[in-house]
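[1] No letters, just coordinates:
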């Protein structure tokens with residue numbers, strides 16, 4: 001890492017689609033996958049988003065993407081020449097930051113985890129890190145284009 005904060009660049013139209021899905025999905029959490037590019041160390045650019053069904057046992061407070069659906073999206077991204085940039089989900093009644101469950105389930109190093117809060121309406125983005133200090137979420141800058 002170069003010392004600069006990580007950054008996730010998201011087109012405004014993709015942000016708007018995710019916000020609308022989050023509103024429509026309430027009271028349950030919505031989730032999905034981002035495709036795109038790693039432009040340089042610490043900066044990712046979203047080029048596409050793939051909504052996924054939330055198959056968690058308690059979808060009002062958790063999210064889980066079906067592994068088969070996730071694999072299909074990953075294969076589609078590969079066919080398009082895109083990388084897995086990260087994931088998104090909503091917290092209908094919580095803050096736009098990772099919960100203890102989000103931390104326990106994060107498995108993709110250097111990928112972004114965008115979280116939409118509906119009450120109040122806010123978006124937060126976090127980068128999952130694994131290094132000598134351990135595993136943790138690091139706040140990242142969210143840039144809209």
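    Yes, it's here. What you see is a predicted model, and the numbers here were worked out from it, not measured in a lab.
[2] from here on, contacts and neighbour counts on C-alpha atoms
    Will do.
[3] quick one, phi/psi of residue 78?
    With angles defined as degrees, to the nearest 10, residue 78 sits at phi -60, psi -40.
[4] What about it, how many residues nearby?
    Residue 78 is flanked by 13 other residues according to other C-alpha atoms under 10 Å.
[5] Then residue 18?
    23.
[6] For it, give me its contacts.
    Residues near residue 18 by C-alpha atoms under 8 Å, 6 or more residues apart in numbering: none.
[7] cool, the one 3 residues further on as well?
    Listed by C-alpha under 8 Å, 6+ apart, the contact set of residue 21 reads residue 30.
[8] What distance do you get for it to residue 88?
    11 Å (C-alpha to C-alpha, to the nearest Å).
[9] Same check on residue 101?
    According to C-alpha to C-alpha, residue 101 stands 14 Å off from residue 88.
[10] Mind checking which of those two has more residues around it?
    A direct count of neighbours by other C-alpha under 10 Å for residue 101 and residue 88 places residue 88 higher, at 22 against 11.
[11] just checking, residue 39 touches residue 47?
    No - in this structure residue 39 lies outside contact range of residue 47 using C-alpha atoms under 8 Å: 11.8 Å.
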